[in-house]
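**Student:** generate coordinates for the sequence data below:
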Amino acid sequence: MLIEIKDLTKNYVMGEIEVPALKGINLKIARNEYVAIMGPSGSGKSTLMNILGCLDTPTTGNYLFNRVDVSTLDDDQLSEMRNRQIGFIFQNFNLLPRMNALHNVELPLMYAGVPKHERTERALKSLGRVGLAERIHHKPTELSGGQKQRVAIARALVSNPGILLADEPTGALDSKTGDEIMALFDELYNEGNTIIVITHEREIAEYSHRIIYIKDGLIFSDEPTERGKQLKR
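**Tutor:** A predicted model of the protein is given here:
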């Protein structure tokens, strides 16, 4: 099991008030699963995403990633896990505007201390995987929205992470470009990647094979999609 969450809670302190965001989550995600997490604003889905991405830690309970208890890691260890094990894809791309596509994709490897020759080689390969081999010297301002998201996906892939964690990956795109990005996720899943998509859009969630619906800090439902059902036949 790649991800195992046991009795996980998360409380935020606001002044003298403690506000529960997650109220006892139990969840398992296997390697090479394609999962969507849905829920209304304030449901706890963003908090769960932050914990899955090692951007935050639980108040109580355990989060095991690849058998490592993330709950026990210090800040430096969490940072290393984020850099090596988790590929982040954000709604607004989070690309550095003064860097071209190649250098944006190289960034995680630079932070990891990978030698220049190797990181350039890996970044070129990653950009090729997302169909941007001809755009490596273009800066974000010279790319379309879909191309920017492809650069962001290439950056997420370059470290060969354990999971790809995508937060509203089509939120800043038109529907046609969004469909193209989701088709790319299908390809990445078929290559063996584990994909977790956070979304409020049902049609985007339906691309996955399993939808986990969060409501009031609890898992309200956890069901296979039609695609997931077909996969099991």
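
**Student:** flag every buried residue along stretch 189-203.
**Tutor:** Applying a neighbour-count criterion of 16 or more other C-beta atoms under 10 Å, one finds Tyr189, Asn193, Thr194, Ile195, Ile196, Val197, Ile198, Thr199 buried in stretch 189-203. C-beta: built from backbone N, CA, C; applies to glycine.

**Student:** tabulate the residues you listed (JSON lines), appending pLDDT, secondary structure and distance to Ala166.
**Tutor:** Compiled in JSON lines, those are given as follows (pLDDT from 0 to 100; DSSP: H, G, I helix; E, B strand; the rest coil; distance: C-beta to C-beta, whole Å):
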{"residue": "Tyr189", "pLDDT": "93", "secondary structure": "helix", "distance to Ala166": "12"}
{"residue": "Asn193", "pLDDT": "92", "secondary structure": "coil", "distance to Ala166": "11"}
{"residue": "Thr194", "pLDDT": "95", "secondary structure": "strand", "distance to Ala166": "11"}
{"residue": "Ile195", "pLDDT": "96", "secondary structure": "strand", "distance to Ala166": "7"}
{"residue": "Ile196", "pLDDT": "96", "secondary structure": "strand", "distance to Ala166": "7"}
{"residue": "Val197", "pLDDT": "96", "secondary structure": "strand", "distance to Ala166": "5"}
{"residue": "Ile198", "pLDDT": "94", "secondary structure": "strand", "distance to Ala166": "7"}
{"residue": "Thr199", "pLDDT": "92", "secondary structure": "coil", "distance to Ala166": "8"}
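
**Student:** nearest to Met110 among the residues you listed?
**Tutor:** Using C-beta to C-beta, the shortest approach to Met110 within the buried residues of stretch 189-203 belongs to Asn193, at 22.4 Å.

**Student:** how near is the closest one to Pro161?
**Tutor:** Using C-beta to C-beta, to the nearest Å, Asn193 is found at 8 Å from Pro161.

**Student:** for the most centrally placed residue in the chain, list the residues it contacts.
**Tutor:** Ranked by distance to the mean C-alpha position of the chain (C-alpha atoms, centre = their mean), the top residue is Leu165 at 0.8 Å. When contacts are counted by C-beta atoms under 8 Å, 6 or more residues apart in numbering, Leu165 touches Met49, Leu52, Gly53, Ile86, Gly87, Phe88, Ile89, Ile196, Ile198.

**Student:** tell me the bridge partners for it.
**Tutor:** Phe88, Ile196 (DSSP bridges).

**Student:** which residues does the helix or strand bottoming out on mean pLDDT in the chain contact?
**Tutor:** Comparing every helix and strand of the chain by mean pLDDT, DSSP states H and E singles out helix 226-232 as the least confident one, with a mean of 84. Outside helix 226-232, the residues within contact range by C-beta under 8 Å, 6+ apart are Glu206, Tyr207, Ser208, His209, Arg210, Pro224.

**Student:** sort out for me which of these are in helices.
**Tutor:** Taking DSSP state H, every one of the contacts of helix 226-232 sits outside helices.

**Student:** format these as JSON lines; extra columns: pLDDT, distance to Met99 and neighbour count.
**Tutor:** Written out in JSON lines, the entries for those read as follows (pLDDT from 0 to 100; distance: C-beta to C-beta, whole Å; neighbours: other C-beta atoms under 10 Å):
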{"residue": "Glu206", "pLDDT": "95", "distance to Met99": "35", "neighbour count": "16"}
{"residue": "Tyr207", "pLDDT": "95", "distance to Met99": "30", "neighbour count": "23"}
{"residue": "Ser208", "pLDDT": "95", "distance to Met99": "31", "neighbour count": "26"}
{"residue": "His209", "pLDDT": "96", "distance to Met99": "35", "neighbour count": "20"}
{"residue": "Arg210", "pLDDT": "96", "distance to Met99": "36", "neighbour count": "20"}
{"residue": "Pro224", "pLDDT": "94", "distance to Met99": "40", "neighbour count": "14"}
